[in-house]
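[1] attaching a predicted model along with its sequence, questions to come.
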Amino acid sequence: MSTATSPLTDVHLLTPGALCHADRPDAEIQLWRPATFARRRVTDPEQALDTLKASVEQSVAAHGKSPGPTVVEISGGLDSAIVSSTLKKAADAEVTAWINFAVDQPGGDERAYAQTVAGHLGVGLTTYLKPALDLNPAELEATAGEVRPSFVAFDTHYDITLANECRRTGAARIMTGQGGDAVFYQPPSSLPFADHLQRLGLPALHSPHLVDVARWTRRSTWGVLRTALVALAGYGPSPAAPPPPYLSRRLRRRTSTVGRHPWLADLSSLPPAKRVHIRNLADGLTLSGHARRAEIAELIHPLLSQPVMEACLSIPVDILVQGGRDRALARLAFADRIPELILNRRSKGETNAYYGRAMANAVGWLRPYLLDGVLAANGLLDRPLLEATLSEEHLAWHGGFADLGMTICLEAWARRWSAYLAPAAYEAGPS
């Protein structure tokens, strides 16, 4: 919801794809909805392949032709390989640096994969080995002064290093492959078979897709079929992600009245996996938040551009993951320009341990920062539950780093704005 509404009163955020009159900000009209394009089903596999490929090529090339040089991230994953290889094919694109950020931890070190992509493209790769992330409140609050919270400046080393790289090279934009997981459909799930079953009916039971999804999710075919039938009966996953467990009861009661993100409206007639697809695209909007690097250069995520989203929304999810592979159609579309090592890779870089260690190391100041912070003081957090979460042992065994990271960003935002508005609040008297 941070991309659709501001926590500040009397501030109206315009949702992407919406029309709003300045004198009537509450009368917003959502002109562009993901559900509209999800109903335009492109079910022919060859047409779907051409549609996806053309949309990516056109979007990447259009950004590459914009005035000024570009810094390109090569992470070592499939999505950045698609973007970087497509940009390299656009001969008139001016790239000043190809960048990789590496984490020196098992499972998170992507340098070999990134170097393979760079070698395949014939470009030099600049690699930055990230030190242990040192979280501190001053750095977090320094980028928390926008009208909506930002979650993309949490990794301060990455943010500052990229900003400095853009200053050094004079880059006008930073291009990444972020958003590919959402738009091409990455998360393993039984729900794509539910979409397949709804689309084909009983013949779907005899198609290879059931076995493919079972192998992909490491479940029995009976388990996949049960999940699909339950989802089609209307008992599938909610379009909204569950909130952190340490939200207060008062806040939990209020969440039912907040409403959904405008992109999640009118999804009831869509199949279950497509609803998850749209939810993931709405989550991707948070990648456009404020950061130091965004002050120096424009952040470009071409896989989240409107043409690519519209193309992939129109393709049924069971075609996007055909053969029981995440992002299978995207792999097939760009197989002629991506190294085989990347194309056939089934693992994915994992940085949970990196960020988890940073939070564990910061527990000493995080505990008073959150337990005695603005959110807790205003009854938004359950202090006993949060206190139990904020221990090295709990973080090591239970994780929850994404939720905790967002909570830290929200607290930084609340402290920054509370300090800024304190004089006005004092003059107006207690509310």
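    Great, that's in hand. Numbers count the residues shown, from 1 in each chain.
[2] state the mean pLDDT of the longest strand seen in the chain.
    If you go by DSSP state E, the chain has its longest strand at strand 95-103. Strand 95-103 carries an average pLDDT of 93.
[3] got the buried residues for whichever helix or strand comes after that strand?
    The first helix or strand that comes after strand 95-103 along the chain, using DSSP states H and E, is helix 111-121. For helix 111-121, burial by neighbour count (16 or more other Cβ atoms under 10 Å) applies to Arg111, Tyr113, Ala114, Thr116, Val117, Ala118, His120, Leu121. The way it works is simple: take the backbone N, C-alpha and C, and place the C-beta from them, glycine included.
[4] same thing with stretch 244-257?
    Pro244, Tyr246, Leu247, Ser248, Leu251.
[5] before we move on, what about stretch 161-177?
    For stretch 161-177, burial by neighbour count (16+ other Cβ under 10 Å) applies to 161-163, 165-166, 169, 171-177.
[6] got it, and stretch 196-203?
    Of all the residues in stretch 196-203, those buried under the rule 16+ other Cβ under 10 Å are His196, Leu197, Gln198, Leu200.
[7] I'd like those written out as a markdown table, with distance to Gln58 and secondary structure added.
    Conversion of the buried residues of stretch 196-203 to a markdown table gives the following (distance: Cβ to Cβ, whole Å; DSSP: H, G, I helix; E, B strand; the rest coil):
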| residue | distance to Gln58 | secondary structure |
| --- | --- | --- |
| His196 | 29 | helix |
| Leu197 | 33 | helix |
| Gln198 | 31 | helix |
| Leu200 | 31 | helix |
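[8] ok, those vs Ser6, which is closest?
    For the buried residues of stretch 196-203, the closest approach to Ser6 (Cβ to Cβ) belongs to Gln198, at 37.4 Å.
[9] how many residues are close by the nearest residue to the closest one once chain neighbours are set aside?
    Excluding the flanking residues, the one nearest Gln198 by Cβ to Cβ, 6 or more residues apart in numbering is Pro271, at 4.8 Å. For Pro271, the neighbour count with other Cβ atoms under 10 Å is 25.
[10] ok, now the one 4 residues further on?
    One way to gauge burial is a neighbour count; for Arg275, by other Cβ under 10 Å, it gives 25.
[11] in three-state terms, label it for me.
    helix (DSSP: H, G, I helix; E, B strand; the rest coil).
[12] please apply the same query to Leu129.
    strand.
[13] what about it, distance to Ser80?
    Leu129 sits 18 Å away from Ser80, going by Cβ to Cβ, to the nearest Å.
[14] other SSEs contacting the longest strand of the chain?
    Packing partners of strand 95-103 (3 or more Cβ pairs under 8 Å, 6 or more residues apart in numbering; DSSP states H and E): strand 70-73, helix 78-89, helix 111-121, strand 125-130, helix 156-169.
[15] between the buried residues of stretch 244-257, which is nearest Ala335?
    So of these, ranked by how close each gets to Ala335 (Cβ to Cβ), first place is Pro244, at 39.9 Å.
[16] I'd say Glu165 and Ile99 touch.
    Yes - with contact defined as Cβ atoms under 8 Å, Glu165 reaches Ile99; the gap is 6.5 Å.
[17] overlap in contacts, the two.
    Common neighbours of Glu165 and Ile99, counting by Cβ atoms under 8 Å, 6 or more residues apart in numbering, are Val71, Thr126.
[18] what sits against Ala172?
    Per Cβ under 8 Å, 6+ apart, neighbours of Ala172: Ser66, Pro67, Gly68, Pro69, Thr70, Ala297, Glu298.
[19] Lys88 too?
    Val95, Leu121, Val123.
[20] could you redo the last one with a cut-off of 10 Å?
    Val60, Gly64, Val72, Val95, Trp98, Val117, Ala118, His120, Leu121, Gly122, Val123, Arg337 (Cβ atoms under 10 Å, 6 or more residues apart in numbering).
[21] can I get stretch 265-285 in PDB? Just the C-alpha atoms.
    Extracted in PDB, the C-alpha atoms of stretch 265-285 (Å, rounded to 0.1, in the frame of the first residue of the first chain):
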ATOM      1  CA  ALA A 265      -9.200  -4.800  -7.600                       C
ATOM      2  CA  ASP A 266     -11.400  -6.800  -9.900                       C
ATOM      3  CA  LEU A 267      -9.400 -10.100  -9.700                       C
ATOM      4  CA  SER A 268     -12.200 -12.500  -8.700                       C
ATOM      5  CA  SER A 269     -12.700 -13.800 -12.300                       C
ATOM      6  CA  LEU A 270      -9.000 -14.500 -12.800                       C
ATOM      7  CA  PRO A 271      -7.400 -17.900 -12.200                       C
ATOM      8  CA  PRO A 272      -5.400 -18.300  -8.900                       C
ATOM      9  CA  ALA A 273      -1.900 -18.100 -10.200                       C
ATOM     10  CA  LYS A 274      -2.600 -15.000 -12.300                       C
ATOM     11  CA  ARG A 275      -3.900 -13.300  -9.100                       C
ATOM     12  CA  VAL A 276      -0.600 -14.100  -7.500                       C
ATOM     13  CA  HIS A 277       1.200 -12.800 -10.600                       C
ATOM     14  CA  ILE A 278      -0.600  -9.500 -10.300                       C
ATOM     15  CA  ARG A 279       0.100  -9.200  -6.600                       C
ATOM     16  CA  ASN A 280       3.800  -9.800  -7.200                       C
ATOM     17  CA  LEU A 281       3.800  -7.000  -9.900                       C
ATOM     18  CA  ALA A 282       2.200  -4.600  -7.400                       C
ATOM     19  CA  ASP A 283       4.900  -5.500  -4.900                       C
ATOM     20  CA  GLY A 284       7.500  -4.600  -7.600                       C
ATOM     21  CA  LEU A 285       6.400  -1.000  -7.500                       C
END
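[22] so Gln105 touches Pro131, yeah?
    No - with contact defined as Cβ atoms under 10 Å, Gln105 does not reach Pro131; the gap is 11.8 Å.
[23] neighbour-wise, which of the two wins?
    For Gln105 versus Pro131, neighbours defined as other Cβ under 10 Å are more numerous around Gln105 (15 against 9).
[24] export the buried residues of stretch 196-203 to TSV and tack on distance to Ala214?
    Putting the buried residues of stretch 196-203 into TSV (distance: Cβ to Cβ, whole Å) gives the following:
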residue	distance to Ala214
His196	12
Leu197	13
Gln198	18
Leu200	17
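[25] what's the closest of those to Trp263?
    The closest of the buried residues of stretch 196-203, once distances to Trp263 are taken by Cβ to Cβ, is Gln198, at 21.4 Å.
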